[in-house]
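S.K.: everything below, folded, please.
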Amino acid sequence: MHSSLSLLLLLSACSGDKIGAGDSADPAAALPDLALSVTLSDVIPTVATATWSLDSDDVVVNAAWVEFGRDGSFDTRVAVDLSAGSPVATPLLGMKPDTTYGVRVVADTDLGTVTSDAVDVTTGPVSPDLPGTTVEVGDADAMHRGFYVTSIVAASTAVILDSDGDYVWWYTLEGVDRLGRVRLSRDRSSVWMATINLDGEEDVDIVRVSVDGSTEEHISTPRRHHDFVELSDGTLVYTAEDPTDVGAVTVAGDIVVERAPDGSTREVYRVLDHHEPFSGSTNGGPRWPHANAIDAIDDESAYLVSFLYMNGIARIDRATGDETWFLGGGESDFHRSDGSSDYTDYQHGIELLGDRLLIFDNGHSAHSSRAVEVAFDTGTMLAEEAWEYRPDPELDTVTMGDVHRFADGNTLVTFSYNGVIEEVDPSGDGVWRLSTDIGGALSWLDFYDRLQPE
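M.R.: Numbering: from 1, shown residues only. Next comes the predicted model:
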């Protein structure tokens, strides 16, 4: 582990600092001194924490920011949460390994704006256990720069990469096999993570790790598997097995469960209330129907769930648990004009785009994976493929895989098993590509243009 670095600098506001026009304070009043320290995490050596306070209890701080950057620039600004009182500690995310950053604080007070001198901090090295990465840029002007939150599955390590392919955050979850979904918490103070399959374990957790790696909290989610999502009020929504005897076979069943911040739970949906086991599916045996992706949609009034062994996606009303529609496979409510209804051959990542569904199609039978967009009409109940992207040469992602559509029409496609992330334009031309070395299979992926509020 990288040793702790602590830098303490007492700073006086320079004489050029001014009170803003319209402030009621005495222009002759002295601006307060500001004490700033920057510490580097012992656990994650690319996470620094800026801690500061003013030397006067009588000064009111209206708002504050921590700014940091390289080579004399301060191009990243992080809003400071003042609710905890003084001194104020703000973790800083997004720093590259083995890099020196300047850090400063800007505080808007009732006497004027105080801007500290910069304190330098040098991050530690990247973990040698992480696979190497290669980035190819096809169109720098068209690509979306940001951060990619995912996991190195076999290493059970949650990671955040930037658009240069650098690891800016990583955390290995000990004692688990195959780490799956990783998400930033809504308040950006921590990272949620969880394993993929039960693998015989009934008591499984969603784990919350503080961004500096100092705390690890386990949230009990019995029989949870694959995916989960956090709602705006902190509720965790996840898919879980609901073992049910069907003749001589006990099937996984699958339910959707909400866990509120106070620990109470509510079963929202049960697949066996809406579908007969194995009907219109690719079977799957005891693991039917194998829910493998979930998302909150329509201002959190509904959920979207992918069922692997039904080759379809369900829209579930959150309040009632009703399945308002099912797209794909033999149970589909939608059909093409020719009557067919198979839009994927096993699928994982999903994203709702109004009246279109963006899906990662694993292409199980053809061993050729793709992103596919399906346009559907709830009036006519017709659904047709409107767009697809298949890489050249083709990739066979046998498990997981994810998709995301940017506002300008570009699409991010994660070929998880192959350790490849691609951003393509609406014509399917590549604008950016990241690939990992051997052992770098990825899980689902969330993209953020920035990691912390500005």
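
S.K.: what pLDDT does Pro391 get?
M.R.: Note on Pro391: pLDDT of 97.

S.K.: let me fix that, I meant to ask about Pro32.
M.R.: Per-residue pLDDT puts Pro32 at 83.

S.K.: same thing with Asp177?
M.R.: pLDDT, read off for Asp177, is 85.

S.K.: for it, grab the count of nearby residues.
M.R.: 12 (other Cβ atoms under 10 Å). In short, each C-beta sits where N, CA and C put it, glycine included.

S.K.: one more: Thr397?
M.R.: For Thr397, the neighbour count with other Cβ under 10 Å is 28.

S.K.: with Thr172 instead?
M.R.: Quick note: Thr172 (other Cβ under 10 Å) scores 17 neighbours.

S.K.: confirm for me that it is in contact with Asp129.
M.R.: Yes. With contact defined as Cβ atoms under 8 Å, Thr172 reaches Asp129; the gap is 7.5 Å.

S.K.: now the common contact residues for those two.
M.R.: 155, 157 (Cβ atoms under 8 Å, 6 or more residues apart in numbering).

S.K.: beta-bridge partners for the closest residue to Phe334 other than its chain neighbours, please?
M.R.: Leaving out its chain neighbours, the residue that sits closest to Phe334 by Cβ to Cβ, 6 or more residues apart in numbering is Ala383, at 3.7 Å. For Ala383, the beta-bridge partners are Phe376 (DSSP bridges).

S.K.: state the pLDDT value of Ala383.
M.R.: On the pLDDT scale, Ala383 gets 98.

S.K.: cool, and Ser56?
M.R.: Looking at Ser56, its pLDDT reads 78.

S.K.: by mean pLDDT, which helix or strand of this structure comes out lowest?
M.R.: strand 6-12 (a mean of 33; mean pLDDT, DSSP states H and E).

S.K.: which element follows that one toward the C-terminus?
M.R.: Using DSSP states H and E, the helix or strand that follows strand 6-12 in sequence is strand 33-40.

S.K.: strands paired with that next one, and their directions?
M.R.: Going by DSSP bridges, the partners of strand 33-40 are strand 6-12 (antiparallel), strand 48-54 (antiparallel).

S.K.: pull out the buried positions in it.
M.R.: For strand 33-40, a neighbour-count test (16 or more other Cβ atoms under 10 Å) marks 34-40 as buried.

S.K.: ok, now stretch 365-375?
M.R.: For stretch 365-375, a neighbour-count test (16+ other Cβ under 10 Å) marks 368-374 as buried.

S.K.: just stretch 105-123 next, same as before
M.R.: Those would be 105-107, 109, 111-116, 118-119, 121, 123, for stretch 105-123 by 16+ other Cβ under 10 Å.

S.K.: for the residues you listed, give me JSON lines that also has secondary structure and distance to Asn311.
M.R.: Output for these, formatted as JSON lines (DSSP: H, G, I helix; E, B strand; the rest coil; distance: Cβ to Cβ, whole Å):
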{"residue": "Val105", "secondary structure": "strand", "distance to Asn311": "54"}
{"residue": "Val106", "secondary structure": "strand", "distance to Asn311": "53"}
{"residue": "Ala107", "secondary structure": "strand", "distance to Asn311": "56"}
{"residue": "Thr109", "secondary structure": "strand", "distance to Asn311": "60"}
{"residue": "Leu111", "secondary structure": "coil", "distance to Asn311": "65"}
{"residue": "Gly112", "secondary structure": "strand", "distance to Asn311": "63"}
{"residue": "Thr113", "secondary structure": "strand", "distance to Asn311": "59"}
{"residue": "Val114", "secondary structure": "strand", "distance to Asn311": "60"}
{"residue": "Thr115", "secondary structure": "strand", "distance to Asn311": "58"}
{"residue": "Ser116", "secondary structure": "coil", "distance to Asn311": "58"}
{"residue": "Ala118", "secondary structure": "coil", "distance to Asn311": "56"}
{"residue": "Val119", "secondary structure": "strand", "distance to Asn311": "56"}
{"residue": "Val121", "secondary structure": "strand", "distance to Asn311": "51"}
{"residue": "Thr123", "secondary structure": "coil", "distance to Asn311": "45"}
